[in-house]
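Chemist: Sharing a sequence plus its predicted fold:
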Amino acid sequence: MVQKSKEFLIGWEHTDITPEDPVCLCGQFHARVSENVKDPITATVCVFDSIKEGRISDHAVMISCDLVAIPEELKKSILAKTHILIPEIDLTKIIVNATHTHTAPEVGGDVIRGTNGSNIKEMYGVDLPCMDVQQYIDFASGKIVEALRNAWEKRSPGGISYGLGFAVVGHNRRASYYDGSSVMYGKTNTENFSHIEGYEDHSINLLTTTDKMGNLTGMIVNIACPSQVDEHLFSVSADYWHETRQQLKKKFGDIFVMPQCSAAGDQSPHILIGQQAQQRMWNLAGRNQREEIAVRISDGIEKILPLIRKETNTLPDFTCVQKEIDLSANTITEDEISIFMVEAEKHYKEYEKLKSQIEANPEKTKQPRWYKDITFHFKRYKWYKAVKDRFEAQKQNPKVKVNIHVMRIGDVIMATNPFECYLDYGMRIKARSRAIQTFIVQLAGGGTYLPTERAKKSGSYGAISPSCIVGPEGGRELVESTLKIINSLI
């Protein structure tokens, strides 16, 4: 049973985590050294502190970052600095999630691709003219924890409101064919195209905060779509969340905006059917896609904000539970290993050939983006090779340990997971949750794919063993474990 709040405090802060020097951008197989800053990347902090009987503080810290994921290296750095600067914060109550922009710096190890350190050469196979990963982690975690300290110190009485709106942002990105296969971003204008593989969720889950005078101070905006309109740029960018923040501040004042990516491992803003018609409409409106998404989200919020503010809760029931759970590892077969090792060897040979060419002709490194091909083959090699390492590991332990959080704020539940979690799992949790409204927060961790049964059967990137540490069986276990906690809090 959740103990009633005697006082409910809210604190907000944000910080700019844009690197000052070139960095290696994360999100594609080939390296991309940043050539400029298109727009700033930020981290936003929201603190909830529920004071119970006897001045017991049940608190939670949410940190949303314009990054591709939150690997362990970054999370550990944030926790270590928090422990020193703000020892009264319970480190198990800190939730860090990413918006999954593909135009933000590398932030640490990549278990899927077999690079568990933070060394650029280890990750990409060559030295690159950019900031070292650990240097960026130190910079970003320092800024984030300073913002956290400010948010903690600024805690003051306030209230929350919540509601449900809609905006078309994300689309299922897996095209399915008559032969039973599916392909991420597959062609749909072919005779063998059958259907789009899965569901789409166009909901806006919104939670707003006010000060003790009833003035709007911030909003948590939860959308089932990663921040991936311009995912191939060689520029630092927050993607569509940059324009969305600008639009929301334009409409609602100088408020804090915290983005959350709901379950969306098979979703993206890219359109597979009707691209030309949609582009024509953007042109007629005089907007690009990122601007259009910002307008759609802000319009959706504008419709429901006056309604939800009629019910502001200044003493919501509040608790935050963190739990480590064991999930079944993605099943890898001997036959798969044989196939993937052939692919690994193919890419390694190509990497070695390109490396020899560069060593024989070092002037090649003076050409623009000289590193694209060699880094692509090296990361593909590591991607396939890592499957064999995981295959050997699962013989000893067929389970994967992950951390999840479930937070109750009044009638709202927020449930996190560390994955690029396919939409079906989020919908299963929402459908069976006893809460009036349930927010799913993915990418509160390292960001490996968690595919569905049908996706695993139909194949393609994001659903095959090199992409996934946990498979469909583990996905079902995640749903059941999350629901058990949720329903114990309602």
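Modeler: Great, that's in hand. Numbering: from 1, shown residues only.
Chemist: quick one, domains of this structure?
Modeler: By the assignment in automatic domain parsing, the chain contains the domains 7-328+399-489, 334-396.
Chemist: could these go into TSV alongside mean pLDDT?
Modeler: Shown next, in TSV, are those (pLDDT from 0 to 100):
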stretch	mean pLDDT
domain 7-328+399-489	96
domain 334-396	95
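Chemist: Make CSV out of the ones you listed and add mean neighbour count.
Modeler: Using the backbone N, CA and C atoms, a C-beta is placed for each residue, glycine as well. As requested, the domains of the chain are exported to CSV (neighbours: other C-beta atoms under 10 Å):
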stretch, mean neighbour count
domain 7-328+399-489, 20
domain 334-396, 16
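Chemist: now the helices for the stretch 1-150 of the chain?
Modeler: 72-85, 120-124, 133-153 (DSSP state H, counting those that start in this stretch).
Chemist: following the longest helix anywhere in the chain, which helix or strand comes up?
Modeler: Longest helix in the chain, counting residues (DSSP state H): helix 334-360. As assigned by DSSP states H and E, the chain's next helix or strand after helix 334-360 is helix 372-396.
Chemist: elements contacting whichever helix or strand comes after that next one?
Modeler: Remark: after helix 372-396, the chain's next helix or strand is strand 399-409, criterion DSSP H and E. Packing partners of strand 399-409 (3 or more C-beta pairs under 8 Å, 6 or more residues apart in numbering; DSSP states H and E): strand 318-328, strand 412-416, helix 472-489.
Chemist: Roughly how far does Ala386 sit from Thr44?
Modeler: Going from Ala386 to Thr44 by C-beta to C-beta, to the nearest Å gives 32 Å.
Chemist: coming back round to it: in CSV: the helices of the stretch 1-150 of the chain, plus distance to Gln394.
Modeler: Formatted as CSV, the helices of the stretch 1-150 of the chain follow (distance: least, C-beta to C-beta, whole Å):
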stretch, distance to Gln394
helix 72-85, 19
helix 120-124, 24
helix 133-153, 28
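Chemist: Which one of the ones you listed lies nearest to Leu443?
Modeler: Nearest to Leu443 among these is helix 72-85 (11.9 Å), distances taken as C-beta to C-beta.
Chemist: who's in contact with that closest one?
Modeler: 63, 67, 89, 91, 94, 96, 107-109, 118, 133-134, 137-138, 140-142, 144-146, 148-149, 445-446 (C-beta atoms under 8 Å, 6 or more residues apart in numbering).
Chemist: at 7 Å instead, please
Modeler: The contact list for helix 72-85 (C-beta atoms under 7 Å, 6 or more residues apart in numbering) reads 89, 91, 94, 96, 107-109, 118, 137-138, 141-142, 144-145, 148-149, 446.
Chemist: Would you check the distance separating it from the middle of the chain?
Modeler: 19 Å (C-alpha atoms, centre = their mean, to the nearest Å).
Chemist: Ile255 is in contact with Met219, correct?
Modeler: Yes. The pair Met219 and Ile255 passes the contact test of C-beta atoms under 7 Å, sitting 6.4 Å apart.
Chemist: could you pull out the strands for the stretch 201-350 of the chain?
Modeler: 203-211, 216-223, 235-236, 256-261, 267-268, 318-328 (DSSP state E, counting those that start in this stretch).
Chemist: Kindly spell out which helices and strands sit in contact with the third one.
Modeler: Using 3 or more C-beta pairs under 7 Å, 6 or more residues apart in numbering; DSSP states H and E as the contact test, the elements touching strand 235-236 are strand 36-37.
Chemist: Can you name every helix or strand that the strand it packs on contacts?
Modeler: strand 235-236.
Chemist: in its sheet, what does the strand it packs on sit against?
Modeler: Applying DSSP bridges, strand 235-236 is found paired with strand 36-37 (parallel).
Chemist: Now do the partner strand: everything it contacts.
Modeler: 18, 235-236.
Chemist: Distance to Asn288 for those residues - can I get that in CSV?
Modeler: As requested, those are arranged in CSV below (distance: C-beta to C-beta, whole Å):
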residue, distance to Asn288
Thr18, 21
Ser235, 15
Val236, 18
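Chemist: Looking at the residues you listed, which is nearest Val295?
Modeler: Ser235 (22.4 Å).
Chemist: For Lys364, see how far away Thr103 is.
Modeler: Taking C-beta to C-beta as the measure, Thr103 falls 26 Å from Lys364.
Chemist: go on, Gly218?
Modeler: Per C-beta to C-beta, Gly218 is found 50 Å from Lys364.
Chemist: try Thr448
Modeler: From Thr448 over to Lys364 the distance is 34 Å, taken as C-beta to C-beta.
Chemist: what do you get for Ile337?
Modeler: Noted for Ile337: a distance of 35 Å to Lys364, by C-beta to C-beta.
Chemist: what about the helices in the stretch 151-300 of the chain?
Modeler: 240-252, 275-285, 289-308.
Chemist: Turn these into a markdown table, including distance to Arg428.
Modeler: As requested, these are exported to a markdown table (distance: least, C-beta to C-beta, whole Å):
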| stretch | distance to Arg428 |
| --- | --- |
| helix 240-252 | 27 |
| helix 275-285 | 30 |
| helix 289-308 | 24 |
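Chemist: Can you tell me which of these is nearest to Ile51?
Modeler: Among the helices of the stretch 151-300 of the chain, the nearest to Ile51 by C-beta to C-beta is helix 289-308 (24.4 Å).
Chemist: Please state the offset of the closest one from the chain centre?
Modeler: 21 Å.
Chemist: Tell me which residues are up against that helix.
Modeler: 161-163, 165-169, 204, 206, 208, 221, 223, 229, 239-240, 243-244, 246-248, 251, 269, 282, 285, 287.
Chemist: how much does it deviate in direction from helix 240-252?
Modeler: Helix 289-308 runs at 40 degrees relative to helix 240-252, counting by axes from the mean of the first three to the mean of the last three C-alpha atoms, to 10 degrees.
Chemist: can you give me the angle helix 289-308 makes with strand 256-261?
Modeler: 110 degrees.
Chemist: quick check: angle from helix 289-308 to strand 203-211?
Modeler: 60 degrees.
Chemist: Just the C-alpha atoms of helix 289-308, please, in CSV.
Modeler: Output in CSV follows, covering the C-alpha atoms of helix 289-308 (Å, rounded to 0.1, in the frame of the first residue of the first chain):
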residue,chain,number,x,y,z
GLN,A,289,9.3,17.1,-41.2
ARG,A,290,10.9,18.0,-37.9
GLU,A,291,8.9,21.2,-37.8
GLU,A,292,5.7,19.3,-38.8
ILE,A,293,6.2,16.9,-35.9
ALA,A,294,6.7,19.8,-33.5
VAL,A,295,3.5,21.3,-34.6
ARG,A,296,1.6,18.1,-34.3
ILE,A,297,2.8,17.4,-30.8
SER,A,298,2.2,20.9,-29.6
ASP,A,299,-1.3,21.0,-31.2
GLY,A,300,-2.1,17.7,-29.5
ILE,A,301,-1.0,19.0,-26.1
GLU,A,302,-2.9,22.3,-26.6
LYS,A,303,-6.2,20.4,-27.1
ILE,A,304,-6.0,18.6,-23.8
LEU,A,305,-4.1,21.0,-21.5
PRO,A,306,-7.1,23.1,-20.5
LEU,A,307,-9.0,19.9,-19.7
ILE,A,308,-6.4,18.3,-17.6
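Chemist: which phi and psi does the closest residue to Gly426 other than its chain neighbours have?
Modeler: Of all residues not flanking Gly426 in the chain, Ala263 sits nearest, at 2.6 Å (C-beta to C-beta, 6 or more residues apart in numbering). With angles defined as degrees, to the nearest 10, Ala263 sits at phi -50, psi 120.
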